[in-house]
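J.: Any chance you can model this:
(chains A and B)
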Amino acid sequence: SQTIHQWPATLVQPVGSPLSLECTVEGTSNPNLYWYRQAAGRGLQLLFYSVGIGQISSEVPQNLSASRPQDRQFILSSKKLLLSDSGFYLCAWSQKWSGELFFGEGSRLTVL
Amino acid sequence: AQSVTQLDSQVPVFEEAPVELRCNYSSSVSVYLFWYVQYPNQGLQLLLKYLSGSTLVESINGFEAEFNKSQTSFHLRKPSVHISDTAEYFCAVSATQGGSEKLVFGKGTKLTVNP
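T.: Residues are numbered from 1 along each chain as shown, chains lettered A, B, ... in the order given. Model prediction:
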């Protein structure tokens, strides 16, 4: 069966520090991969998605970047965090053409 | 582009009462529709989905939703709720483009079931 792992689960970082959140999927190949951010009262905002290795689409201009160095690995990064980067970040995957997403457990980032 | 409107941000109900969580969508193309549930500090889990066929879809825990194309709605219902149904519920819509699917979510409805 397929599983998705996301880490770290919680992270407290000072303003201006770098960020790396990692997500890996097991049990499937060539998935679509997604990063969402969830802020209170604002639902889920799609940040990045990827249909293949090295292929990244950005949905919202921001202080973050994403990379897909391997087929089942998706990384969310920042060189310098802002206070507004605080939130709950969710990684997800889907099979091609299915329209259904499978989510990781999330990473809660607090920027102080 | 697609968009989703969840009309109620919070819905409080008593245990064993019926509940309806409303969802309306906007799209110029055919869509898939989903309801996801999120328990505190967890990721989202698929509750039910409409891809094609019967417009009434059901989940294993008693929820159901009906796709109404003319009203562009996909409301979620349960005839009798339990305390354990307390969670946040998200309606979502997708339309394929190229080789990717992008799921657009509503802002969520917090369902609180009180004893």
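
J.: tell me the phi and psi of the residue nearest to residue B:69 when sequence neighbours are not counted?
T.: Spatial nearest neighbour of residue B:69, chain neighbours left out: residue B:55 (7.9 Å); criterion: Cβ to Cβ, 6 or more residues apart in numbering or on different chains. (C-beta placed from N, C-alpha, C; glycine too.) Here is the backbone geometry of residue B:55 (degrees, to the nearest 10): phi -80, psi -10.

J.: correct me, but residue B:55 touches residue B:67?
T.: Yes - counting by Cβ atoms under 8 Å, residue B:67 is a contact partner of residue B:55 at 4.3 Å.

J.: element containing the most centrally placed residue in chain A, please.
T.: In chain A, the C-alpha nearest the mean C-alpha coordinate belongs to residue A:35, at 3.1 Å (Cα atoms, centre = their mean). For residue A:35, the host element (DSSP states H and E) is strand A:32-39.

J.: what separates that strand from the chain centre, distance-wise?
T.: How far strand A:32-39 lies from its chain's middle: 5 Å, per Cα atoms, centre = their mean, to the nearest Å.

J.: same deal with stretch A:52-59?
T.: That offset, for stretch A:52-59, works out to 12 Å (Cα atoms, centre = their mean).

J.: Would it count as contacting chain B?
T.: Yes - using Cβ under 8 Å from any Cβ of the partner chain, we find that stretch A:52-59 touches chain B at A:52, A:57, A:59.

J.: Name the residues of that stretch that are buried.
T.: residue A:56 (16 or more other Cβ atoms under 10 Å in any protein chain shown).

J.: start to end distance for it?
T.: Stretch A:52-59 has an end-to-end distance of 16 Å (criterion: Cα to Cα, to the nearest Å).

J.: how about the residues of chain B near chain A?
T.: B:9, B:32, B:34, B:36, B:41-46, B:49, B:51, B:90, B:94, B:96, B:98-108.

J.: what helix or strand does residue A:22 sit in?
T.: strand A:19-26.

J.: Against which helices or strands is that strand packed?
T.: strand A:3-7, strand A:10-13, strand A:32-39, strand A:73-78, strand A:87-94, strand A:107-111 (3 or more Cβ pairs under 8 Å, 6 or more residues apart in numbering or on different chains; DSSP states H and E).

J.: who touches it?
T.: With contacts defined as Cβ atoms under 8 Å, 6 or more residues apart in numbering or on different chains, strand A:19-26 is touched by A:2-8, A:11, A:13, A:31, A:33, A:35, A:64, A:72-78, A:81, A:85, A:89, A:91, A:93, A:104, A:107, A:109.

J.: And for stretch A:44-61?
T.: A:30, A:32-39, A:62, A:64-71, A:74, A:76, A:90, A:96, B:44, B:90, B:98-100, B:102-105.

J.: Make CSV out of the helices and strands packed on strand A:19-26 and add distance to chain B.
T.: Output for the helices and strands packed on strand A:19-26, formatted as CSV (distance: least, Cβ to the nearest Cβ, whole Å):
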stretch, distance to chain B
strand A:3-7, 8
strand A:10-13, 9
strand A:32-39, 6
strand A:73-78, 13
strand A:87-94, 6
strand A:107-111, 7
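
J.: Mean pLDDT for those - can I get that in CSV?
T.: Converted to CSV, these look like this (pLDDT from 0 to 100):
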stretch, mean pLDDT
strand A:3-7, 94
strand A:10-13, 96
strand A:32-39, 92
strand A:73-78, 96
strand A:87-94, 94
strand A:107-111, 94
